[in-house]
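1. sequence plus the predicted model coming up.
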Amino acid sequence: MAFPLHRRGAGSRNAAHAGHHAGGVLRAARGARVPLGPDSSPRHPWVTDALHRGLPRRDVYLAGPLPPDRNDFVRPNSPRDTRNQPRHSAERPREKRRILLPGSIIAACSAVAVSVGLATGGGAIGAIPEPTPAAIEGSARVAQPEPIVRGSIIAANGTSAGTVAGGTVVTVTGGDLNEVASVKFGANPGTVVSVTTDTVTLSTPPSTGRGLGTVPVELFDVRGEPVPVDSAGTASLAAAPLSFRYIADPKVAAQTDYVLAHWQDYNTARYGRLGGTDCVNFTSQSLIARGWTMDAQWSFNAGTRQYSPAWASSTAFAAYLAAHPERATALSDDQRAQVRVGDVVQFDWNGSGDRDHTGIVTRVDRAAGGVRIYYASHTMDNDFKSVDESLANAGGTVAYWSIT
């Protein structure tokens, strides 16, 4: 390793040592220790300043890198440079300085880098590992709200019950319920009236066959998944976490009570009797018991014992119901699954298009083999007569009216 000795001009700080600087070259191997003996007193700023700070001459110092290639080396004076200033007598002793060779620094840094590399499993310092495909996919997913029910079904009267006719408005409370999209009461779909974050408002469907009893209720989210119910603080899907109890519709109950009380015992004192064709008279009486009121087309005058055609004739009654959809909806025999207790059944025995017999539905059985409907009537007096049996005996066709 070579260290050039520069010539300093007259008046420079090293002028006294010009003889030692006459273009000579101090040669030493890189990293060699360069002793400064009695004859090596010149101040070589590229070696050290320590010799001029009162340190012993025989101390050994490490040589630094080659100085810049220029004719002279002059340290610019600055406010921080106090070496030209008078020294205080109480100046504290200077500590020995050592200048590290670049090779030493590089070796030290390499050691640190190797240590860090081992600690980080061989990765670069500060390197960010590339995300795996699974991590990318997971980060791309947006968390979906998870609706949950935390309360029972409650109707306006504070109970979880309603009539078999359906139409009972109930509410359910919970969290993120604005994700609810559909509901089932037993096997029958209900109606989602409205949703908010914490409340769902529902309308119940009619019970199956106007049957009484309790049915399970399930809510479903927009993906068709069942909404869990928080039971005793734990979210779980129990067999019947929510339920609704169908009770008799007071109007339908009043109608069927009247039918079963008078299918044999004619109420002639109030409504009279039409010999051989009293079936529609009896059906009209049951609708009065249900809550219907008479009008100009459909009426009975108790004083004069006069009946309007729609009150006493099967065909006229069918025409009246067809003209009043607010009171009834026509159903074919293919739609018998929609028939309920309290509806009206009519027969056309000869296929003429006229209606020949009328009765009131008193029972509906739904099984794997299909739907069986039973009815009560006058003229052919019965309380639970099978529709299919009547068709088998007399032939013809059957139709229904769903009473509202």
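-> Great, that's in hand. The structure displayed is predicted, hence computed values, not measured ones.
2. now the helices: where do they sit in the protein?
-> 102-119, 133-140, 250-262, 268-271, 279-290, 309-312, 314-323, 387-394 (DSSP state H).
3. in terms of mean pLDDT, which of these ranks lowest?
-> Among the helices of the chain, helix 102-119 carries the lowest mean pLDDT, at a mean of 46.
4. and Gln346, how close does it get to Tyr307?
-> 18 Å (CB to CB, to the nearest Å). Glycine gets a C-beta too; all of them are placed from N, C-alpha and C.
5. higher neighbour count, the two?
-> More neighbours surround Gln346 than the other of Gln346 and Tyr307, with 25 against 19 (other CB atoms under 10 Å).
6. tell me which residues form a beta bridge with that one?
-> Taking DSSP bridges, one obtains Thr358, Ala399 as the residues bridged to Gln346.
7. just to check, it is in contact with Val361?
-> No: contact between Gln346 and Val361 fails when scored by CB atoms under 8 Å: they sit 11.1 Å apart.
8. shared neighbours, these two?
-> Residues touching both Gln346 and Val361 by CB atoms under 8 Å, 6 or more residues apart in numbering: Tyr400.
9. how is this structure divided into domains?
-> 1-82+96-122, 148-248, 251-403 (automatic domain parsing).
10. so for the shortest one, mean pLDDT?
-> Across domain 148-248, the average pLDDT comes to 85.
11. repeat for stretch 378-385
-> Mean per-residue pLDDT for stretch 378-385: 95.
12. buried residues, that stretch. List them.
-> Judged by neighbour count (16 or more other CB atoms under 10 Å), stretch 378-385 contains these buried residues: 378-379, 382-383, 385.
13. quote the end-to-end distance of it.
-> Length of stretch 378-385, first residue to last, CA to CA, to the nearest Å: 11 Å.
14. use 19 as the first number for this chain going forward.
-> OK, 19 is where the count begins now, so the last one is stretch 396-403.
15. could you give the backbone dihedrals for the residue nearest to Leu237 when sequence neighbours are not counted?
-> In this structure, Leu237 finds its nearest non-sequential neighbour in Val245, 4.1 Å apart by CB to CB, 6 or more residues apart in numbering. Reported as degrees, to the nearest 10, the phi and psi values for Val245 are phi -90, psi 120.
16. I'd like to know how far Val245 sits from Arg345.
-> Separation of Val245 from Arg345 (CB to CB) stands at 37 Å.
17. how far does stretch 189-199 stretch from start to finish?
-> 14 Å.
18. what's in contact with it?
-> With contacts defined as CB under 8 Å, 6+ apart, stretch 189-199 is touched by 162-172, 210, 213-220, 237-240, 242, 245, 248, 260.
19. please pick the buried ones from the residues you listed.
-> Neighbour-count burial (16+ other CB under 10 Å) applied to these gives 165-167, 170-171, 210, 213, 218, 220, 237-239, 245, 260.
20. would you turn the residues you listed into CSV with distance to Trp329?
-> Below are the buried ones among the contacts of stretch 189-199 laid out as CSV (distance: CB to CB, whole Å):
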residue, distance to Trp329
Pro165, 52
Ile166, 54
Val167, 49
Ser170, 45
Ile171, 41
Val210, 41
Val213, 46
Val218, 44
Leu220, 38
Leu237, 45
Phe238, 46
Asp239, 51
Val245, 50
Leu260, 45
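21. ok so, going back, hmm, the residue nearest to Leu237 is touching Leu260, no?
-> No: checked against CB under 8 Å, the pair Val245 and Leu260 is beyond contact range at 9.3 Å.
22. what's the overlap in contacts for those two?
-> In contact with both Val245 and Leu260: 167, 236-237, using CB under 8 Å, 6+ apart.
23. which one of the residues you listed is nearest Asp372?
-> Of all the shared contacts of Val245 and Leu260, Glu236 has the smallest distance to Asp372: 45.7 Å, by CB to CB.
24. okay, now the closest one: neighbour count?
-> By the criterion of other CB under 10 Å, Glu236 has 18 neighbours.
25. now do Gln315
-> By other CB under 10 Å, the residues close to Gln315 number 15.
26. my guess is it contacts Ser326, does it?
-> Yes: in terms of CB under 8 Å, Gln315 counts as a neighbour of Ser326; the distance is 6.2 Å.
27. quickly list what's touching both of the two.
-> By CB under 8 Å, 6+ apart, no residue touches both Gln315 and Ser326.
28. span of stretch 317-332 from start to end?
-> First-to-last residue span, stretch 317-332, CA to CA: 14 Å.
29. for that stretch, buried residues please.
-> Buried residues in stretch 317-332, defined by neighbour count with 16+ other CB under 10 Å: 318, 325-326, 328-332.
30. mind putting these into CSV with distance to Asp372?
-> CSV is the format used below for the buried residues of stretch 317-332 (distance: CB to CB, whole Å):
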residue, distance to Asp372
Phe318, 22
Tyr325, 18
Ser326, 18
Ala328, 14
Trp329, 17
Ala330, 14
Ser331, 9
Ser332, 7
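31. before I go, just wanted to say thanks for your time.
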